[in-house]
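# Below are the sequence and a predicted model for it; my questions follow.
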Amino acid sequence: MLQITDLHATIADKPILKGLSLTVATGEIHAIMGPNGAGKSTLSYVLGGRPGYEVTGGSATFNGEDLLALDPHERAAAGLFLGFQYPVEIPGVSSLQFLREALNSQRKARGEDPLTGGEFLKLAREKAALLKLDPELLKRHVNVGFSGGEKKRAEMVQMGILDPAFAVLDETDSGLDIDALRVVGEGINAIMRRPDKGVLLITHYQRLLDYVRPDRVHILSRGRIVRSGGPELARQLEAEGYESLSGAVTA
């Protein structure tokens with residue numbers, strides 16, 4: 001589903017990704033862990049097409065299509081969703097308006113009919129209930145006045161509404177308390193744990209993986225994957241830290 005081969009990328013002429021290779025098959029959830037500065041967020045931004053991140057080598061394909069050749073809105077229409085570590089606020093635009101426009105724009109790109117206002121509101125309420133988010137919050141401007149946990153839940157509601165084929169989630173557990181972490185984890189499972197979807201879950205901690213059990217765990221260090229394993233690798237990191245895996249962190 002997602003095939004990354006020898007990917008190199010820079011930001012402001014500084015090399016960040018240095019030969020990263022990774023394959024996520026359809027129906028799989030993979031987690032990426034690594035110390036600060038390893039390149040985790042850079043990877044998510046490169047896959048999402050954020051301006052300022054220059055790919056200098058390698059390739060990334062999504063369902064056989066050259067992902068790096070697509071504009072960000074084309075990647076979204078193709079079924080790629082990017083969840084941000086720090087969801088942005090958009091004053092003056094209601095969440096409902098934003099989400100309806102985003103969904104119908106993607107449906108148009110796929111040759112599908114737009115949802116009516118009533119159809120969209122029903123869908124939004126269903127996804128808000130799944131994430132235990134007060135649907136009244138969706139009437140507010142995007143993320144304005146939201147707590148950290150509300151922003152993350154709202155972003156998962158957005159993912160549920162857009163129903164992507166593949167989600168790249170950058171530290172979705174950041175800023176969540178214990179209850180919100182459980183709700184968000186269960187939401188990810190309900191929305192994305194399907195045989196026709198895939199997830200790349202970027203996290204610092206094993207705690208989210210208690211709820212979203214990955215098929216594979218990868219350690220990212222100095223711009224490339226240096227070790228991969230099953231869920232037990234995340235538990236080892238939680239217990240011993242990255243320094244215990246000196247070969248991985250210094251590779």
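Ah, there it is.

# C-alpha only now, for contacts and for neighbours.
Will do.

# which residues does Lys197 contact?
26-28, 164-166 (Cα atoms under 8 Å, 6 or more residues apart in numbering).

# Give me the subset of those residues lying in strands.
The members of the contacts of Lys197 that map onto strands under DSSP state E are Phe166.

# what's the farthest-apart pair in the contacts of Lys197?
Maximum pairwise distance among these (Cα to Cα): 14.0 Å, between Glu28 and Pro164.

# what about the stretch 101-250 of the chain, any weak spots by pLDDT?
Across the stretch 101-250 of the chain, the stretches falling below the confidence threshold (pLDDT under 70) are 244-250.

# What are the boundaries of the strands in it?
In order along the chain, the stretch 101-250 of the chain carries the following strands (DSSP state E, counting those that start in this stretch): 141-142, 166-170, 198-202, 216-221, 224-229.

# Put together CSV for those strands, with mean neighbour count and distance to Gln106 on each row.
What follows is the strands of the stretch 101-250 of the chain, written out as CSV (neighbours: other Cα atoms under 10 Å; distance: least, Cα to Cα, whole Å):
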stretch, mean neighbour count, distance to Gln106
strand 141-142, 22, 19
strand 166-170, 24, 14
strand 198-202, 25, 19
strand 216-221, 23, 30
strand 224-229, 18, 32
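
# Which one of the ones you listed lies nearest to Ser95?
With distances scored as Cα to Cα, the stretch of the strands of the stretch 101-250 of the chain nearest to Ser95 is strand 141-142 (4.7 Å).

# So what's the gap between the closest one and the chain middle?
Strand 141-142 has its average C-alpha position 20 Å from the chain's average C-alpha position, going by Cα atoms, centre = their mean, to the nearest Å.

# what does stretch 207-224 give?
Stretch 207-224 sits 13 Å away from the centroid of its parent chain (Cα atoms, centre = their mean).

# burial count for Gly48?
Residues contacting Gly48 under the criterion other Cα atoms under 10 Å number 22.

# Please read the previous query as pertaining to Gly57.
Residues contacting Gly57 under the criterion other Cα under 10 Å number 14.

# Packing partners of the strand or helix carrying it?
Using DSSP states H and E, Gly57 sits in strand 53-62. Contact partners of strand 53-62 among helices and strands, from 3 or more Cα pairs under 8 Å, 6 or more residues apart in numbering; DSSP states H and E: strand 2-11, helix 40-48.

# I'd like the next helix or strand past it.
Stepping forward along the backbone from strand 53-62, the first helix or strand reached (DSSP H and E) is strand 65-66.

# which residues does the nearest residue to Gln106 once chain neighbours are set aside contact?
Of all residues not flanking Gln106 in the chain, Ala77 sits nearest, at 4.9 Å (Cα to Cα, 6 or more residues apart in numbering). Contacts for Ala77 were tallied using Cα under 8 Å, 6+ apart; they are 106-107, 109-110.

# swap the cut-off to 7 Å and go again
Going by Cα atoms under 7 Å, 6 or more residues apart in numbering, Ala77 touches 106, 109-110.

# Which of the residues you listed are buried, as a ChimeraX select command?
This is the ChimeraX syntax for the buried subset of the contacts of Ala77, where burial follows 16 or more other Cα atoms under 10 Å:
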select :106
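
# I'd like to know which of the contacts of Ala77 are part of helices.
When DSSP state H defines the helices, the subset of those inside them is 106, 109.

# how about TSV for the contacts of Ala77, with distance to Gly229 added?
Putting those into TSV (distance: Cα to Cα, whole Å) gives the following:
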residue	distance to Gly229
Gln106	35
Ala109	38
Arg110	36
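
# Fine by me, we can end here.
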